[in-house]
Structures are given as C-alpha cells and as structure tokens.
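Asker: From the sequence below, what's the structure:
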Amino acid sequence: MNTQTTTPTVLLVVDRNELEGQLSGWVDRILGEMNQSGIQVRRANNCSELEDLLRADFRGLIITMIHKFDGIPARLNLRPDIFVLIDEAHRSTGGDLGNYLMGALPNATFIGFTGTPIARTDKGEGTFKTFGLQDPDGYLDKYPISESIKDRTTLKLSHSLAPSKVVLDSELLEKEFLSLAETEGIADIDDLNRALDRAVNLKTFLKGDQRVEKVAAFVAKHFRDYVEPLGYKAFLVAVDREACAKYKKALDQHLPPEFSQVIYTKNSNDVIERPLVAELQLDEASEKAVRKEFPKANSLPKILIVTDKLLTGYDAPILYCMYLDKPMRDHVLLQAVARVNRPYQDARGVEKPCGLIVDFVGVLKDLKKALAFDSEDYSGVIEDLDVLFRRFRVLMDGPARIYLTRAKGPDKDVQLEKLLYVKFFQKDAREEFTELFKEIETLYEILSPDPGLSDDIADYNELADLYAMLCLAYGKETGFIGDLANKTAKLVETNAVAHGLDRLTRPVEFDEAALNALRKKQGPDEEKVINLVRSLQRTGEEEKEPHLITFSERAEQVMESIEERQTTTQAALKQLEGLVEERIAAEKSRSESGLESGAFAVFWELKSQGYKEDEAKALALEIEDAYGRFPNAGANPDEMRQLKAEVYKVLLKVVSGKIMIDLAEKVMGARPT
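Answerer: Here you go, the predicted model:
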C-alpha cells in the first residue's frame, strides 16, 4: 500500500507567543514521539519552509505559527484530506492572515480551539463564521468553564472591589472604555492597548503619582495579610509599561525589592522617551529566569507586575491573586483572570481554594457588560466576595451549630466525648462533618483576615479544633494541625494550649498498667476502641519497627470491620485489647532477645507460626544475614530473586513444598526490604 496517498496532512497552527512559551516543551516532545512512531513531523520555521512543504504535498504533521502564512500563494494545495488545527482560534484567523491560510488550502477542514470565541457572525466576522458552519449552535464540541470547575480542572474566581479612594471613576471608565464599540469583543492584548492609548484621561488617573503610591501600599498590605500566609503568589496588572515601572518603585517602599519584578515588552525608544521603563526592563535571560522561578513555592519573586506579557498562555498554578488595575473586557479580560484559576496543591497537600481578583478599575461590578458573550456558561464562575461572606454566615449560623459544644459548665468534656467518640464513630457522620467543615474552611481561608469575621472566630476555631481531633482519632495524622489549611492551621496552633488541644490529641502509650486502667475507666466503649486503634497505629508509624507495623495494619482491619458492620464494638474492643497485650509481649521479647529490628520481625513471625524460640532465633539470624548480602533487593529485581532463593534455602531446613513458600512469603512480609 502506498502510504503517501493514504496519509493525511495535519497542520497544527499556534500563536507565536504560545509556541515560544507554554507549548514549547510539548512541541519538542511530540516531534520526538511521532517520529519514533513512523509519522513524519516537520516544524516550519519560516514562510518558505511552510510553502515548500505544502507545495510538495507533504504527508504527516506540520507544526507552524499563524504568521508564517503571510503572503502565501492561493490554492497552494487542493487536497481535501488536510486538517488544520488552530489554537487561539478567536484571534489567529482574524484579518489577512486567516484569508491567506484559507485561500492556500481551500478544501481543507479547519478546526479551531479557543476558550473565548467571538460571536459576531451577524456582522460577517467572528469565530463562529469561520469554524461553526456545520453546527447550529456554533460548536463542534464545548467544554465551558462551569464544567471545568465541576471537574476541578479549573477553580472558581472570587473578586472584590478595591478601596473607593483608589478605584477608577465609573463615569470615566464608561466614557473612555466600556461605551466604545471598538472595545467590544477585543481578543488581543495589542488591540486593547491601542484602544487604551486613546483613553488619555483614564490613563492619566490610573498613573497619577499619589494614586500609584496608595495602590502600592494597599497591595503590599493585602498581599502580606491575605496572600502570603496561604503560600501563594500574585500579579499586579498595570495599565501600561510606564505604570508597571512606577508600581515597582512604589512597591519597593513597602516590600523587599526582591519580592516583585516587572515583565513587559521592549521598545527601542524607551531609553530616551521612558528612561524608568528602560531601567527596569529585564534582558531576555533574566526574564526567562523569572518566568521559571515564579511558579515555585519557595522562590522569588512573589509578585509579578505586568501589562501585556504573561496575560495569556502563562501557567503558574501557585498564582492566586490578581490586582487588576487595567481596564479589560470580554476575551482579554477572561483570558487574563484565568491566570489565577489553575488548581494547585502545596507540599502539605492543601489545595488552593479559588482564584482572587482585586478590582481597581471597576470592570467586574457589572459582569454582564464585562463578559458580554455566552453568559450562561460564565454564570457563577466569578463571584463577589460578599457572596462568600453570606455563605460563611449561613453555614456558621446553620448546620455548624450542632457541632459547637464548648459551652460553659461541668459537662462540656462529656459533650465533646459523645460527639467525637459516639456520633463520629459512624463513618457517614464523620464524612458529613468533614464535607461541611471543608467548605467553611475554604471560605475562611479566602476571607480571613477581615473584621467581618470577628464574631465567628471563636466558633470557627472550635470547629477547626474538632476537625483536628477527628483527624487524629480516626486518621493517621501525627500532628494536631492535620491537613488543616494554612491560616486555619495557624489559628489552631496559636490557641492549642489554651483549648487543651495538645493534651486531648496526645497519643496514649499502652503498657499493662495503662491497659488495665482503660478497662476500668468509665465511658463509652467507642472511645476505648479509638484510643487502642490510635495507639497501635501511631507506634507502628512513628517507631518504624517492622513488627509494630504489623500490629498497626491489624488494628486498621479491626476498625474497618466495625465500619462495615461486620463486628460489634464490644467484640472489636476485645480484639484490640488482645492486640495490645500481644504488642506488649512482643516489646518485652524484643528487649530480651537482643535482636535488631529486622531480625526480630522475622523471629516474631516464626514464633507466631509455632516454631520454638531457639529455632526461630537461629533461622531469623540466618535470614537477616541474607538480607545483608542483598541490600538493594527492594529496588533491584535480580537481587530480590536471589534474596528469595536464600530465604527458601534457610527455611528448607525445617519445612518444604508449598508450606515453605507460604512461610517465606509471611516472613518476608514481616521483614520488608
């Protein structure tokens, strides 16, 4: 079969900034992977290379940029089995470049990808005119932001208006920006900048020296109070490059200079016309280094001051807050604010709650005007912080009340015990509380610190204490802050001693006396079960002794049998008491044996299988010697095979056949590599 006549041609057409930015690594990988699979791949780096490939009827994948089609001859290739995949389709095919592309390949199939389609079909233009002809709704496939939020591939956005003393006058915003037809549906940052260049009064207000100083002071304090405690980073989006430079100088008066950096396009006239802009301009290598370091949690800078670059295509999941001081709308606005909606999880496993926009120009006060397309897809995507405050109040005044037990009086500890060990003993009750608390915690992390929360701090702290105790009682956390989010963890830690949380969450160490005391203690059996399970789990995890890990696993199995209603609380309590007695005996035997932890784990397993003490000890020492000869067995399959053969050889002295193989598996399971 002639593959030349059966293989189609696929063109991947990307935006110049995208190919040089976030797609560069992906393109390099696909070039290698597809060539290895036998599919020819070419990267057209200039106009003549692209023209030559299409004229020669190349079959395979061509990766190129939209501007390479500038001036390309019409009807260059008439084949119908050419498929053109266009990224950023809302802007890539606009103007002459789109005409050249489609004229060169008149019979090709064009598929456009965009997060912000332009709906101007009635005016003879727009994304749907180019790509939506076969679909009455305009889409071949649609994945709106509302769905991506449900899937957790993006986060909701919250916004608040900056203090009124620095917010752009609404009449000026309307007159010089929102009311202008040329600003409707803007899909390119360069087009936006050209429109703003004509808004002289608006830009004069935004760049006024006194205002810049006030905004910088607010941003510095807000970042310190709301963003930095969460471990996240921020963008300050200024109206133009001169404003960026001014903000850098102003921010340096309130934050360490290394906290912030400017990134904007270069202009050869800056040295003469805008010396401050030229002074702060990063060279190519420095800008690349900043782009690379910014997404890292423990790297500087923490704030990027931008106006054109990085507002599309730049992904930094750690980016949480955008201080928006540049009028935007429609596609440019949506693409810009989407920089902060990327999911992120820090080293402790705490997830970013949302993206936050602090609006200094007032464009988000009327979302219908700011995002004038597909409004149903963006409903609820950007929420005012007042909505979050109201939700926090509803939850604290409603479903949270049943968990608030820290009342004055002698029975407050009894109430807490019943809640923690009786009500929460049921798994579904724990899950219900956890779901409620996590929603409240997310709201608190976003809103705190704020005077409006002052009346709720004590009650919220009690809920967080309860959640920490719940994690310790029923989970495996070794510290009482558990998986609490950052601001909540700090609140709990600060008040832990005053609330007795450090005492309540301290693991119980059981010896014979402690076990007997527990048996005699008044109180619910559920509490005794939890204390025993917790003790067996913690000692196994903290001591890292192989034989103790076995007790930990067996304790977890008992707890699972209760949760699945396969055993009663009383029966489980007896099982756990037996496990603790066995562990106490094991620890005593460990001390008397003189064996190292690995050898003792084998010895204890052999004893449990009925072997006499002397025989079990001799076998354990031989097996431990084999482990010493193959130290990399855990990572090296060949060593593991040799180790297993050595263990078989030792055990063949006392047993054979399938029984020997089963015993070897138990022994090696008790003594991990």
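
Asker: ok, now which ones touch Leu470?
Answerer: By CB atoms under 8 Å, 6 or more residues apart in numbering, the contact set of Leu470 is Leu420, Phe424, Arg430, Phe433, Thr434. C-betas here are computed from N, CA, C, even on glycine.

Asker: Which helix or strand contains the closest residue to His159 other than its chain neighbours?
Answerer: Nearest residue to His159, sequence neighbours excluded (CB to CB, 6 or more residues apart in numbering): Ile357, at 4.2 Å. Element membership for Ile357, per DSSP states H and E: strand 355-359.

Asker: Parallel or antiparallel, which strands does that strand pair with?
Answerer: When pairing is defined by DSSP bridges, strand 355-359 lines up against strand 157-161 (parallel), strand 319-324 (parallel).

Asker: For stretch 165-178, buried residues please.
Answerer: Val166, Val167, Leu168, Leu172, Leu173, Glu176, Phe177, Leu178 (16 or more other CB atoms under 10 Å).

Asker: Which pLDDT value goes with the closest residue in space to the second one that isn't next to it in sequence?
Answerer: In other words, Val167. Counting by CB to CB, 6+ apart, Gly362 is the residue found nearest to Val167 once chain neighbours are left out, at 5.5 Å. Gly362 carries a pLDDT value of 91.

Asker: Contacts only, for Ala216.
Answerer: Shown in contact with Ala216 (CB under 8 Å, 6+ apart): Tyr247, Ala250, Leu251, Gln253, His254.

Asker: most neighbours, which of those?
Answerer: Most neighbours among the contacts of Ala216, by other CB atoms under 10 Å: Tyr247, with 26 neighbours.

Asker: Which strands or helices does the helix or strand where that one lies pack on?
Answerer: Element membership for Tyr247, per DSSP H and E: helix 241-251. Judged by 3 or more CB pairs under 8 Å, 6 or more residues apart in numbering; DSSP states H and E, helix 241-251 is in contact with helix 209-222, strand 260-263, helix 275-280, strand 303-306.

Asker: what does that helix contact?
Answerer: Taking CB under 8 Å, 6+ apart as the rule, helix 241-251 contacts 203, 206-207, 209, 212-213, 215-217, 219-220, 236, 238, 259-262, 264-265, 267, 270, 274, 276-277, 279-280, 303, 305-308, 325.

Asker: ChimeraX command to pick out the buried ones of these?
Answerer: A single ChimeraX command selects the buried members of those (16+ other CB under 10 Å):
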select :203,206,207,212,213,215,216,219,220,236,238,259,260,261,262,264,270,274,277,280,303,305,306,307,308,325
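
Asker: From the contacts of Leu470, list just the buried residues.
Answerer: Buried among these by 16+ other CB under 10 Å: Leu420, Phe424, Arg430, Phe433.

Asker: So which of those are in helices?
Answerer: Arg430, Phe433 (DSSP state H).

Asker: Looking at the buried ones among the contacts of Leu470, spot the one nearest Leu157.
Answerer: Nearest to Leu157, judged by CB to CB, of these is Phe433 at 28.0 Å.

Asker: Flag the shaky bits of the stretch 451-600 of the chain, pLDDT-wise.
Answerer: For the stretch 451-600 of the chain, applying pLDDT under 70 flags the ranges 476-482, 500-511, 514, 538-549.

Asker: try the stretch 1-150 of the chain
Answerer: Filtered on pLDDT under 70, the stretch 1-150 of the chain yields the residue ranges 1-5, 15-28, 30-32, 34-36, 89-96, 115-139.

Asker: need the helices for it, in chain order.
Answerer: 3-6, 16-20, 24-36, 47-55, 89-92, 95-104, 127-131, 145-150 (DSSP state H, counting those that start in this stretch).

Asker: From the buried residues of stretch 165-178, which land in helices?
Answerer: For those, secondary structure assignment (DSSP H) places Leu172, Leu173 in helices.

Asker: all helices for the stretch 251-400 of the chain, in order.
Answerer: 270-273, 275-280, 284-293, 330-337, 367-370, 385-397.

Asker: Of the ones you listed, give the one that comes closest to Asp57.
Answerer: helix 330-337 (36.2 Å).

Asker: Now do the nearest residue to Glu563 once chain neighbours are set aside: how many residues are near it, please.
Answerer: Excluding its sequence neighbours, the residue lying closest to Glu563 (CB to CB, 6+ apart) is Lys427, at 4.8 Å. Here the number of neighbours of Lys427 (other CB under 10 Å) works out to 14.

Asker: What separation do you get for Lys427 and Glu564?
Answerer: Distance, Lys427 to Glu564, using CB to CB, to the nearest Å: 9 Å.

Asker: Arg211 too?
Answerer: Here Arg211 is placed at a distance of 63 Å from Glu564 (CB to CB).

Asker: out of those two, which sits in the more crowded spot?
Answerer: A count of neighbours by other CB under 10 Å puts Arg211 above the other of Arg211 and Glu564, at 19 against 9.

Asker: Could you report the pLDDT at the closest residue in space to Lys369 that isn't next to it in sequence?
Answerer: Spatially, and ignoring its direct neighbours in sequence, Lys369 is nearest to Leu178 (6.1 Å; CB to CB, 6+ apart). What the model reports as pLDDT for Leu178 is 84.

Asker: what sits against Leu178?
Answerer: Counting by CB under 8 Å, 6+ apart, Leu178 makes contact with Pro327, Arg329, Val363, Lys369.

Asker: Next one: the last one relative to Val387, how far apart?
Answerer: Think Lys369. From Lys369 to Val387 the distance is 19 Å (CB to CB).

Asker: which one of these two has more residues nearby?
Answerer: Applying other CB under 10 Å to Lys369 and Val387 shows that Lys369 carries more neighbours, namely 15 against 12.

Asker: I'd guessed that one sits against Met328; true?
Answerer: No: with contact defined as CB atoms under 8 Å, Lys369 and Met328 do not form a contacting pair (11.9 Å).

Asker: circling back to that earlier point, could you export the contacts of Leu470 as JSON lines, including distance to Glu605 and pLDDT?
Answerer: Formatted as JSON lines, the contacts of Leu470 follow (distance: CB to CB, whole Å; pLDDT from 0 to 100):
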{"residue": "Leu420", "distance to Glu605": "36", "pLDDT": "81"}
{"residue": "Phe424", "distance to Glu605": "35", "pLDDT": "85"}
{"residue": "Arg430", "distance to Glu605": "34", "pLDDT": "87"}
{"residue": "Phe433", "distance to Glu605": "39", "pLDDT": "93"}
{"residue": "Thr434", "distance to Glu605": "37", "pLDDT": "92"}
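
Asker: of the residues you listed, closest to Phe113?
Answerer: Distance to Phe113, by CB to CB, is smallest for Thr434 among the contacts of Leu470, at 38.2 Å.

Asker: Go ahead and confirm that closest one touches Tyr467.
Answerer: Yes: Thr434 lies in contact with Tyr467 (CB under 8 Å); the separation is 7.2 Å.

Asker: my guess is Glu417 meets Glu526, correct?
Answerer: No: shown here, Glu417 and Glu526 do not form a contact pair, counting by CB under 8 Å, at 9.3 Å.
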